[in-house]
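Engineer: Can you look at this prediction? I've put the sequence above it.
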Amino acid sequence: MRVFARTPIDLAEQRVPRGRVYLIPERCKGCKLCVVLCPRKVLQESREINAKGYHFPEIVQGKGEECVHCEFCAMVCPEFAIFTLEVPT
Ligand code: SF4
Ligand code: SF4
């Protein structure tokens, strides 16, 4: 079986955005949707808990620069507890 990998012809010209993650821990309800759906695996559940008793997400150590500002985390968060801003590069 032949497998064709699709590579955009202008891949080298494309700029990959960078994002910075912001969290409002007291809003989080620990559903982990943002953790599971982040395509770059930037987030993980922290050991800390908020006032409601939920473990909120944190940045995986060493992955602080890997967010691509896709905003999936913000889109899926039911509590509007997480968002990203683009970092100028
Ligand atoms: S914006 Fe995208 S890459 Fe960045 S933390 Fe959210 S889901 Fe992950
Ligand atoms: S999606 Fe929102 S509520 Fe769920 S764990 Fe992430 S920040 Fe918390």
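Structural biologist: Sure thing, it's come through. Ligands and ions are numbered 1, 2, ... in the order given.
Engineer: show me the contacts for the most centrally placed residue in the chain.
Structural biologist: Central residue of the chain (Cα atoms, centre = their mean): C38, 4.5 Å from the mean position. By Cβ atoms under 8 Å, 6 or more residues apart in numbering, the contact set of C38 is F72, C73. Bear in mind the C-beta positions are built from the backbone N, C-alpha and C, glycine included.
Engineer: one more time with 10 Å, if that's ok
Structural biologist: The contact partners of C38, taken as Cβ atoms under 10 Å, 6 or more residues apart in numbering, are 21, 44, 57, 60, 63, 66-68, 70, 72-73, 76, 82.
Engineer: now swap in R40 and tell me
Structural biologist: G19, V60, K63, E66, C67, V68, C70, F72.
Engineer: Would you check that the third one makes contact with Q44?
Structural biologist: Looking back up the chat, that one is K63. Yes - K63 is within contact range of Q44, at 8.9 Å (criterion: Cβ atoms under 10 Å).
Engineer: sorry, back to before: list buried residues within the contacts of R40.
Structural biologist: For the contacts of R40, a burial check counting by 16 or more other Cβ atoms under 10 Å picks out G19, C67, V68, F72.
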